[in-house]
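S.K.: I would like to see how this sequence folds:
(one chain, ligands or ions: 2)
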Amino acid sequence: MIVVMKQSATKAQIANVTARIERLGCQVHISEGEERTIIGIIGNGRPLEREPIERMAGVEHTVPILRPFKLASREFHPRDTIVSVNGVKVGGKQVVVMAGPCAVESHDQLLETARAVKEAGAQVLRGGAFKPRTSPYSFQGLGEEGLRLLAEAREETGLPVVTEVMDSQMVPLVITYADILQIGARNMQNYALLHAVGEAQRPVLLKRGMMSTIEELLMAAEYILSHGNDRIILCERGIRTFEQYTRNTLDISAVPLLKQLSHLPVVVDPSHSTGKWALVEPVSRAAVAAGADGLIVEVHPHPEKALSDGAQSLKPARFAALMRGLRPVAEAVGRTL
Ligand code: PEP
Ligand code: MN
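M.R.: Numbers count the residues shown, from 1 in each chain. Ligands and ions are numbered 1, 2, ... in the order given. Next comes the predicted model:
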């Protein structure tokens, strides 16, 4: 349930309501809006009576939240959440493009890519140092050395860095280098990891599991929120279907649906959702037209030599062309790029 306080509610009245809810054994999340305060109640399983709370001074009304996700829901937080990362705002008017290689492979590969994507207008640098590969014989990433290279690329270009953390025990190491912690599709329901990044107080890019429903994605976000971290960016990266021509199937309706159900920003990964570089540009335009707050795109200076995901990686010149083509689409839907 959420308690909507009157615009005129005083601090003391808000404190009274909070104290009463806590006495009932429930958890309280306060959201102070520009106009009014909303108090979110996370119940303890027992039914909660609305009338006694509605009679309290300063309370305007209460709204039951029937969905299983509470803190992630639009009802709880009607305005869009904007996640700020070193001055880059994800979820505002500007569409934020994150770009870089699938995996950090070497100093020159990363720096060359970072300079090129920055020049083309990307605002965040992506790059995996710890790679969740299907085969144990595939390149697993450079590990901490990869993180160091990402930090060096940030130093030089000023781009904040998003990189995957695969294990809860690795969170302390990864947060010493990364600006955004990426939870990969394969780990979307790794609850120990969600708990750890919830406590990390660092923005999180939460990718939808390849076999997960929208509700499961929002419940994964709820784990992070319930551990005190509300800086979450949701990512639609395609789901597994019967289709064989693409690596995954981009669920384009997930974008407006997530925006309706939740206040959290939504980005689309056109690279993993298609698996084919030639589809990345048109799918990116579709994502922006559908209301995505950003994109995360794989770029490699020599895709044919890439140690992972070369087939879906754009060369820098193609990425620059993608950015040019996106601008009019962003403007057509009232956004900037
Ligand atoms: C990635 O971003 O490189 C990645 C492994 O993505 P996903 O977890 O969506 O497969
Ligand atoms: Mn990849």
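
S.K.: report the contact partners of the residue of the stretch 51-200 of the chain found nearest ligand 2.
M.R.: Proximity to ligand 2, evaluated over the stretch 51-200 of the chain using CB to the ion, is greatest for Cys102 at 3.3 Å. Yep, even glycine has a C-beta here, placed from its N, CA and C like the rest. Neighbour list for Cys102: 127-128, 131, 271, 298, 300, 306, 308-309, 312-313 [criterion: CB atoms under 8 Å, 6 or more residues apart in numbering].

S.K.: count the neighbours of the residue of the stretch 201-337 of the chain found nearest ligand 1 for me.
M.R.: Nearest residue of the stretch 201-337 of the chain to ligand 1 (CB to the nearest ligand atom) works out as Arg237 at 3.9 Å. For Arg237, the neighbour count with other CB atoms under 10 Å is 24.

S.K.: ok, Gly45 next?
M.R.: When neighbours are counted by other CB under 10 Å, Gly45 registers 6.

S.K.: that one and Gly25, how far apart?
M.R.: Distance, Gly45 to Gly25, using CB to CB, to the nearest Å: 9 Å.

S.K.: for the residue in the stretch 201-337 of the chain that ligand 2 sits nearest to, grab phi and psi.
M.R.: Residue nearest to ligand 2 within the stretch 201-337 of the chain: Asp309 (3.8 Å; CB to the ion). Main-chain torsions, Asp309, degrees, to the nearest 10: phi 60, psi 30.

S.K.: also Glu34?
M.R.: Torsion angles, degrees, to the nearest 10, at Glu34: phi -70, psi -40.

S.K.: for the helix or strand where Ile38 lies, name the packing helices and strands.
M.R.: Element membership for Ile38 (DSSP states H and E) is strand 37-42. Packing partners of strand 37-42 (3 or more CB pairs under 8 Å, 6 or more residues apart in numbering; DSSP states H and E): strand 2-5, helix 11-23, strand 27-32.

S.K.: need the residues that contact that strand.
M.R.: For strand 37-42, contacts defined as CB under 8 Å, 6+ apart pick out 1-5, 9, 14, 17-18, 21, 26-31, 48, 65, 70-71, 76-78, 226.

S.K.: which among those are in contact with ligand 1?
M.R.: Among the contacts of strand 37-42, no residue lies close to ligand 1 (CB under 6 Å from any ligand atom).

S.K.: from these, keep the buried residues only.
M.R.: 1-5, 9, 14, 17-18, 21, 26, 29, 31, 48, 65, 70-71, 76-77, 226 (16 or more other CB atoms under 10 Å).

S.K.: spell out the secondary structure type for the spatially most central residue of the chain.
M.R.: Centroid-nearest residue in the chain, with CA atoms, centre = their mean: Ile233, separated by 1.8 Å. Per DSSP: H, G, I helix; E, B strand; the rest coil, the local secondary structure of Ile233 is strand.

S.K.: tell me the contacts of the residue in the chain positioned nearest to ligand 1?
M.R.: Nearest to ligand 1, among the residues of the chain, is Gly184, at 3.1 Å (CB to the nearest ligand atom). Gly184 sits next to 132, 164, 166, 207 when contact means CB under 8 Å, 6+ apart.

S.K.: filter those down to the buried ones, ChimeraX style.
M.R.: Command for ChimeraX, covering only those of the contacts of Gly184 found buried under the criterion 16+ other CB under 10 Å:
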select :164,166,207
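
S.K.: need the max-distance pair from the contacts of Gly184.
M.R.: Met166 and Lys207 (12.1 Å; CB to CB).

S.K.: gap between the closest residue to Thr336 other than its chain neighbours and Gly158?
M.R.: Spatial nearest neighbour of Thr336, excluding adjacent residues (CB to CB, 6 or more residues apart in numbering): Gln94 at 4.8 Å. With distances taken as CB to CB, Gln94 is found 16 Å from Gly158.

S.K.: kindly report the same for Ala317.
M.R.: 22 Å.

S.K.: can you get me a residue count around the nearest residue to the residue of the stretch 51-200 of the chain closest to ligand 2 once chain neighbours are set aside?
M.R.: Spatial nearest neighbour of Cys102, excluding adjacent residues (CB to CB, 6+ apart): Asp309 at 3.8 Å. Using other CB under 10 Å, the number of residues around Asp309 comes to 20.

S.K.: OK, contacts around Asp309?
M.R.: With CB under 8 Å, 6+ apart, Asp309 has these contacts: 102-103, 271-272, 298.

S.K.: Gly58 is in contact with Gln7, isn't it?
M.R.: No: contact criterion CB atoms under 8 Å: Gly58 and Gln7 do not qualify, at 9.9 Å.

S.K.: can you give me the helices for this protein?
M.R.: 11-23, 51-54, 107-120, 144-157, 171-175, 191-199, 214-226, 254-261, 270-274, 277-289, 316-332 (DSSP state H).

S.K.: export these to JSON lines and tack on mean pLDDT?
M.R.: Below are those laid out as JSON lines (pLDDT from 0 to 100):
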{"stretch": "helix 11-23", "mean pLDDT": "95"}
{"stretch": "helix 51-54", "mean pLDDT": "94"}
{"stretch": "helix 107-120", "mean pLDDT": "98"}
{"stretch": "helix 144-157", "mean pLDDT": "98"}
{"stretch": "helix 171-175", "mean pLDDT": "97"}
{"stretch": "helix 191-199", "mean pLDDT": "97"}
{"stretch": "helix 214-226", "mean pLDDT": "97"}
{"stretch": "helix 254-261", "mean pLDDT": "98"}
{"stretch": "helix 270-274", "mean pLDDT": "98"}
{"stretch": "helix 277-289", "mean pLDDT": "98"}
{"stretch": "helix 316-332", "mean pLDDT": "98"}
